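# Sequence plus the predicted model coming up.
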2 protein chains.
Amino acid sequence: MSLELTPVQAVACCSPLSREPLSESEAEGIVPLLKALGDPVRLRLMSLVASHEGGEACVCDLNDAFELSQPTISHHLKVLHEAGLLEREKRGVWVYYRARTDALENLAALIGGKSR
Amino acid sequence: MSLELTPVQAVACCSPLSREPLSESEAEGIVPLLKALGDPVRLRLMSLVASHEGGEACVCDLNDAFELSQPTISHHLKVLHEAGLLEREKRGVWVYYRARTDALENLAALIGGKSR
DNA sequence: TGTAAATATTTACATCTGTCGATGTTTAAG
DNA sequence: CTTAAACATCGACAGATGTAAATATTTACA
C-alpha cells in the first residue's frame, strides 16, 4: 500500500479550520482541492457532474456546456480528477466522470465545522 | 444601497453544488472565496484567526507564525479580507482580523450540501 | 485493415500570482 | 516636532495557470 495520502484522506485528516490552527503539511494537503474548485469553469464542471442524474456525466455532454475548446475541458477535468474530486471511468469510446461526494463532504466539514 | 453583492451574499445565493448546475455568474461570485482559501499560507492564516480566542487575532501575532516577509503576510490578509472572509479593525497601532464564520458556513453548505 | 469519433497529450504563449525590498502612512510616546 | 513601531502599498520579477492548435491514442465498426 502507498504511503501517500489520497486527497480524500488528506482532507479528512484534520479538525475544522475554526477549531485549531492548521499545520503546514495539513494545509498543503487540502489546498489542491480548493485550488481545483477555485476556477469558474471547474466549479461549474464539478456542479454539472455532481448534480447530473446518477452523479455522473459523459465528457461529451460537458464539452457542449462551455464555449471552450475540447482540450481545455479535458485539462480541467484532469485537474479535478487528480485532486480526487472526480472519478474516471471509460466505457467504450466514452469517458464518464463521477463526483466524489465524500471528498466534497469532508472539505465542507473542514471549512464550516464549528469551533467547539 | 449597493447593487453589488457582498461575497457572503454571493455564496449564500445558490443551492448546493450537487443539487443543480451552477450558473456562470453564480460560479464567478463564489470562485473568489475558493481562490482566497486555495493558498497554503492563506488557509493557515484563516485557520489561525478563526481558531484564535475571540475569533480574532492581531497581525503582529500572525507575522510571527510564518517565515515570510511582513508585506507578504499583509498581502495575503488583504486577499482574505477582500474575499469577505476576514473583517479588519484597527485599534491604536494594531490591526485585528476577525473570521467571518457566516461566510465559511455558507461556503461549506454550498460545497457539501446533499443533492436532495 | 481502414476510417471516424471521443478523449487525452503536447507545445506554446499571454496572463495571473506569490514573494520581497523599498517606501509610505498612521499612531503613540517623548 | 521627532522618532519609533505597526501595518499597508508600490514596483519588480520568477514561476504558476488557463487557453488553444496540433497531434496522439483508443475504440467501434464497416
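Cool, the structure landed.
# where along chain A do the strands fall?
Counting by DSSP state E, one finds strands in chain A at the ranges A:56-58, A:86-91, A:94-99.
# Parallel or antiparallel, which strands does the last one pair with?
Sheet partners assigned to strand A:94-99 using DSSP bridges are listed as strand A:56-58 (antiparallel), strand A:86-91 (antiparallel).
# Out of those strands, which is the most enclosed?
Highest mean neighbour count among the strands paired with strand A:94-99 (mean count of other CB atoms under 10 Å in any protein chain shown): strand A:56-58, with a mean of 17. The way it works is simple: take the backbone N, C-alpha and C, and place the C-beta from them, glycine included.
# Residues in contact with that one: which ones?
The contact list for strand A:56-58, computed with CB atoms under 8 Å, 6 or more residues apart in numbering or on different chains, reads A:48-49, A:89, A:94-99.
# out of the strands paired with strand A:94-99, which comes closest to A:Gln70?
strand A:56-58 (13.1 Å; CB to CB).
# wait, does the closest one contact DNA strand D?
No. On the criterion CB under 7 Å from any atom of the strand, strand A:56-58 is out of touch with DNA strand D, staying 13.7 Å away.
# Near chain B, which residues of chain A are found?
For chain A, the contact set with chain B under CB under 8 Å from any CB of the partner chain comprises A:17-24, A:27-28, A:30-31, A:34-35, A:37-41, A:43-44, A:46-48, A:50-51, A:55, A:65, A:99, A:101, A:104-105, A:107-109, A:111-113, A:115.
# same for DNA strand D: which of those residues are within range?
A:35, A:38-39, A:41.
# Specify which member of these is nearest to B:Gly84.
A:Gly38 (14.8 Å).
# residues contacting the closest one?
Contact analysis of A:Gly38 by CB under 8 Å, 6+ apart lists B:31, B:34-35, B:37-38.
# What are the phi and psi values at the residue most central in space within chain A?
Nearest to the geometric centre of chain A sits A:Leu85, at 2.3 Å (CA atoms, centre = their mean). With angles defined as degrees, to the nearest 10, A:Leu85 sits at phi -90, psi -20.
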